[in-house]
Structures are given as C-alpha cells and as structure tokens.
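Student: Let me see the structure of the following:
(chains A, B, C and D)
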There are 2 protein chains.
Amino acid sequence: MNTAEQRKTTEIPLETRRSLPIALLRAREAVMAGFRPVLARHGVTEQQWRVLRVLSEVGKPLDASNLASHASILPPSLTRILKVLGERKLVTVLRDRGDGRRVLVEITDAGEELIREVAPESREIYADLERRFGEDKIALLLAMLDDLTVKLSR
Amino acid sequence: MNTAEQRKTTEIPLETRRSLPIALLRAREAVMAGFRPVLARHGVTEQQWRVLRVLSEVGKPLDASNLASHASILPPSLTRILKVLGERKLVTVLRDRGDGRRVLVEITDAGEELIREVAPESREIYADLERRFGEDKIALLLAMLDDLTVKLSR
DNA sequence: CTCAATTAATTAACATGTTAAACATTATTG
DNA sequence: CAATAATGTTTAACATGTTAATTAATTGAG
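Tutor: Predicted structure coming up:
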C-alpha cells in the first residue's frame, strides 16, 4: 500500500486547469481517443485520413499548398505523408504542367474505397459523441471555436 | 497572374469545417501562435514550459507519472524532455528512496527564475486574447471544453 | 519466503510538428 | 532579355506524439 505522503502528489494543479491551450489539447485528445482505434484498424494515421478526406471532398486534384492548408497540416509534414500515401497507391502525385513548381495530388480509386470503408465507423463514433455531449452543445462549441480561430488570425 | 481554374482550387471543403477534432486543432494553433514566439525567445518549447509550470505550481517534487498527467504529456515524451531540462539545470531528477521504480522531479532555482522571466509576457498574451475574444466567452469555452473532456473520459 | 503478476519508467521505432535553409521554377524589374 | 525577387516544394535537424516492447522494482498469492 502507498503512504499518505505519496497520495498527496496526486493533487490537481491550479492555473493549469484554466489554461485555454491545455483545455483545447485535452479536449482534442478525448475526442481523438474515439477515432484513433478505428483509423488504426484500417492502417491510416489521423493526418493521412485528413489528407484523403480533403481530396475526396474536393473531388479534384489539389496542389500541395492548398491541400496542406485545407487539411491543417504543415507543408513539410505533407511531403512525408504524400510519400507513404503514394507508395500505398492511395493518391497519385504529379507535377503541374504550366507551373513546374507545383505538385498536383489526386485520390485514387483505392483511396476512395478506403474512405468508403472507414466512413461508416467514423460517423458512428461521431454520432456517439453527439449523443454523449449533446448535438446542440457541439454546434455551439464548433461556432465558438471557429469564432476564436478567426478572431486570432488577424 | 493566375488563371481562373487555378483560383478555383482555393475553395473551402465541406465536411471538414464541421469536424470537431479539426476545429479544436485549428483553435489551438491560433492560440499557440501567440505564445510560441514568447517561449522561443526564452529557449523553451511549449511542452518544456508546461513541465516547468506544473512543477512550480505544485511546489514540491513530483514523480514522472503524475507530472506527465498534469502536464498532458505522454511518459515517453516526458523522459526525453526531462533529459534536456536536467542538462540545462532547470530541474533535478532523482530516484525515489522507498520506491526505486519512481523518479522524483523538482524544479531548480534557475527553473523558477525562468518562470519569473516568462510569466509576465505570457500573461500579457493571455490578456490580449481575453480582450480580443471576450473574457466571458473564454470562461464559457473553458467550461464546455472541460465538460466535453470529462464526458468522453468514461 | 519465493515466484509469478503488477507497476513505473525507459527504450525503440515510426509518424508528425516546427523552424530554417536549400532548390527549382516562375514572375518582375530595369 | 538578363539579373533579381518571389513562390512552391522539399530537405534538414531537432522535438514531440504514439504504440509496443523492455527493464527494474515492488507487490501479492500461496
């Protein structure tokens, strides 16, 4: 058994509880804890999944810059992610004729197939989340987060 | 100049805007964009800063597990962070007599000094954030995030 | 008291975040 | 049109995230 002194160390800090960055981090962690296992079962990371989803939703080739910004991934990370997604034939990457600096990324049929496989499970997790937290509260939270993001981006 | 076709690729995706994980990620990024430069000027990363703050707030040695959970950092990351903080003499790490598996971490005077240097700038950034977004909305956002985190952690 | 579980921390391996620098290509200016 | 500036992507270097395996120490059952 532990001593009383050791148990004391479990007390909760003070300021840390009121820190917005940490609150956002913890909330994100709590939400992703539901999704990660689903993605892992299908052999993709969270970021790889975001890249595939953006490409599928946009429905046409995207250059790396736009893809990175839509998927909220930094360009250096995207470069590495595209290498593995390309090797796994989930996307195709080719240079833009007309602007040789750009690279155009397109989702493959296999990529779309993967999305069709994962999407139902993903929606189920999200539905459970809505059930547990409340659909209205999620909408409010999303609006506030969006508002915050916009207001700080200037 | 760009052609019209190229401009079209800048359109905003659909579902991605309503995704809670992404909204949390973007909000966190927007908030941290204010803090990171301050921390960088003082030569510490966001995570190193969290570790120092928790130790300072608790005011006594913490074992690695509690420290990791209070700072929202995974144990493997904490091991690496403690190595550099130890080398920089900002914390001291020593084995717990009484339980040789544990490690006890304590902030040094130099660590406290660093906190005293950074804290004013940090508070200023936070004050600006409150001014821009509204103190009341931040309080509401924090409460919702906490609520969400708790409800999903079961 | 001994040995199989349990626990705390670390290591390993791979993926991503972060900033700065390098590269190649295109756009601009004189 | 040539030299230069600006742009899109990649590379580099280091820090952290993530999961699984490992190691060392402690606990507990028998």
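Student: Around DNA strand D, pick out the residues from chain A.
Tutor: Counting by C-beta under 7 Å from any atom of the strand, chain A comes close to DNA strand D at A:1, A:29, A:32, A:36-37, A:40, A:63-65, A:75-76, A:78-79, A:82, A:93, A:96, A:99, A:101-103. In short, each C-beta sits where N, CA and C put it, glycine included.
Student: residues in chain A within reach of DNA strand C, list them.
Tutor: Checking chain A against DNA strand C by C-beta under 7 Å from any atom of the strand, the hits are A:45, A:47-48, A:73-74, A:76-77, A:80-81, A:84, A:98-101.
Student: from those, which single one is nearest B:R53?
Tutor: Using C-beta to C-beta, A:L74 comes nearest to B:R53 of the residues of chain A next to DNA strand C, at 25.8 Å.
Student: Okay, that closest one and chain B: tell me how far apart.
Tutor: 10 Å (C-beta to the nearest C-beta, to the nearest Å).
Student: OK, contacts around that residue?
Tutor: By C-beta atoms under 8 Å, 6 or more residues apart in numbering or on different chains, A:L74 lies in contact with A:A68.
Student: which two from the residues of chain A next to DNA strand C end up farthest apart in space?
Tutor: Largest pairwise distance in these, by C-beta to C-beta, is 32.2 Å, between A:T45 and A:G98.
Student: before we move on, back to that, can you tell me which of the residues of chain A next to DNA strand C end up in helices?
Tutor: A:47-48, A:76-77, A:80-81, A:84 (DSSP state H).
Student: Just give me the closest of those to DNA strand D.
Tutor: For these, the residue nearest DNA strand D by C-beta to the nearest atom of the strand is A:P76; the value is 3.4 Å.
Student: still on that earlier bit, going through the ones in helices among the residues of chain A next to DNA strand C, which ones are buried?
Tutor: Those of those that meet the buried threshold are A:47-48, A:81, by 16 or more other C-beta atoms under 10 Å in any protein chain shown.
Student: and chain B, which of those reach it?
Tutor: Near chain B, judged by C-beta under 8 Å from any C-beta of the partner chain, there are no entries from these.
Student: How about the longest helix belonging to chain A and chain B, any contact?
Tutor: If you go by DSSP H, chain A has its longest helix at helix A:109-133. Yes - against chain B, helix A:109-133 shows contacts by C-beta under 8 Å from any C-beta at A:126, A:129, A:132-133.
Student: returning to what we had before: sort the residues of chain A next to DNA strand C by pLDDT and name the bottom one.
Tutor: Among the residues of chain A next to DNA strand C, A:G98 carries the lowest pLDDT, at 93.
Student: can you tell me which residues contact that residue?
Tutor: So A:G98 contacts nothing (C-beta under 8 Å, 6+ apart).
Student: And A:V38, by the same measure?
Tutor: Taking C-beta under 8 Å, 6+ apart as the test, what A:V38 contacts is A:118, A:121-122, A:125.
Student: hmm, 6 Å instead?
Tutor: Listed by C-beta atoms under 6 Å, 6 or more residues apart in numbering or on different chains, the contact set of A:V38 reads A:E121.
Student: Secondary structure element holding it?
Tutor: Per DSSP states H and E, A:V38 falls inside helix A:20-41.
Student: avg pLDDT for that helix?
Tutor: 95.
Student: Please export the C-alpha coordinates of it as CSV.
Tutor: Written as CSV, here are the backbone C-alpha positions of helix A:20-41 (Å, rounded to 0.1, in the frame of the first residue of the first chain):
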residue,chain,number,x,y,z
LEU,A,20,-7.0,27.6,-22.8
PRO,A,21,-4.2,25.9,-24.8
ILE,A,22,-4.2,22.9,-22.4
ALA,A,23,-8.0,22.7,-22.3
LEU,A,24,-8.0,22.5,-26.1
LEU,A,25,-5.3,19.9,-26.1
ARG,A,26,-7.2,17.7,-23.6
ALA,A,27,-10.5,18.0,-25.3
ARG,A,28,-8.9,17.1,-28.6
GLU,A,29,-7.2,14.1,-27.0
ALA,A,30,-10.5,13.0,-25.5
VAL,A,31,-12.3,13.2,-28.9
MET,A,32,-9.5,11.6,-30.9
ALA,A,33,-9.3,8.7,-28.4
GLY,A,34,-12.6,7.5,-30.0
PHE,A,35,-11.4,7.9,-33.6
ARG,A,36,-7.8,6.7,-33.4
PRO,A,37,-8.6,3.0,-32.9
VAL,A,38,-10.9,3.0,-35.9
LEU,A,39,-8.3,4.6,-38.1
ALA,A,40,-5.6,2.3,-36.8
ARG,A,41,-7.7,-0.8,-37.7
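Student: picking up where we left off before, closest to B:L114 among the residues of chain A next to DNA strand C?
Tutor: Nearest to B:L114 among those, with distances taken as C-beta to C-beta, is A:L74, at 27.7 Å.
Student: All set, thanks.
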